[in-house]
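Student: Kindly return the folded structure for what I paste below:
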Amino acid sequence: MPLDEAILERMLGYEWRERLPPICPECGYNLTGLPDNRCPECGYVYSRSDVKRNAQTMICMLQQLKDVNDILKVGFYLGIGAAVLLAATVLTPYGLVGRIVAVFAGLPTIGLGLQVFRVRQVPAWAREFLSVNPHYGRGVFVCLLGVLLIITALLLP
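Tutor: Down below sits the predicted model:
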């Protein structure tokens, strides 16, 4: 009779080495110290590899999001730089170039501002592991800056 992975895990035991606690991939219940491989919250039968993969995915997401406030700064500086260029070239023969640059800089400015809202995709229990809180207000401001930049560039005569 072949042994499946769950039976081997229970027989051999294992030590959890991830930075996050073992969490049920289905409902997010903390599985620390449970004797069997069934989630008491939702009934999902899990394997160690499922739980480990879930934790590694969450760690990867948290790594990407830890610098989200710095990403907002990049979006802000990009938008402000394009706005200054647009203002400087609007009354010159290079006005068309300034408008084109403003439109093409406005798009990534919006995208960089929206990055802060990716944090909402992370479950509440995992947000505790973020080293800094994201600045949602700054994210909205950067998005609006990009939208305003594009609208201004398109509506200028």
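Student: Report the contact partners of the spatially most central residue of the chain.
Tutor: Residue closest to the mean C-alpha point of the chain, counted by C-alpha atoms, centre = their mean, is Arg118 at 3.6 Å. Residues in contact with Arg118, defined by C-beta atoms under 8 Å, 6 or more residues apart in numbering, are Met61, Gln64, Leu65, Val68. Quick note: C-beta positions are derived from backbone N, CA and C, even for glycine.
Student: Of the residues you listed, which is the nearest to Leu112?
Tutor: Val68 (9.7 Å; C-beta to C-beta).
Student: That closest one contacts Val119, doesn't it?
Tutor: Yes. Applying C-beta atoms under 8 Å as the test, Val68 and Val119 come out as touching, 6.5 Å apart.
Student: which of these two has more neighbours?
Tutor: Counted by other C-beta atoms under 10 Å, Val68 and Val119 do not tie: Val68 has more neighbours, with 21 against 18.
Student: separation between that one and Ala55?
Tutor: Between Val68 and Ala55 the computed distance is 21 Å (C-beta to C-beta, to the nearest Å).
Student: Report the next helix or strand after the lowest-mean-pLDDT helix or strand in the chain in sequence order.
Tutor: Ranking every helix and strand in the chain by mean pLDDT, DSSP states H and E puts helix 5-12 at the bottom, with a mean of 50. Downstream of helix 5-12, the first helix or strand assigned by DSSP states H and E is helix 48-65.
Student: quick check, distance from the following helix or strand past that following helix to the centre of its chain.
Tutor: Next along the chain after helix 48-65, taking DSSP H and E as the criterion, comes helix 68-89. Helix 68-89 has its C-alpha centroid displaced from the chain centroid by 21 Å (C-alpha atoms, centre = their mean, to the nearest Å).
Student: buried set for stretch 145-156?
Tutor: Leu145, Gly146, Val147, Leu149, Ile150, Thr152, Ala153 (16 or more other C-beta atoms under 10 Å).
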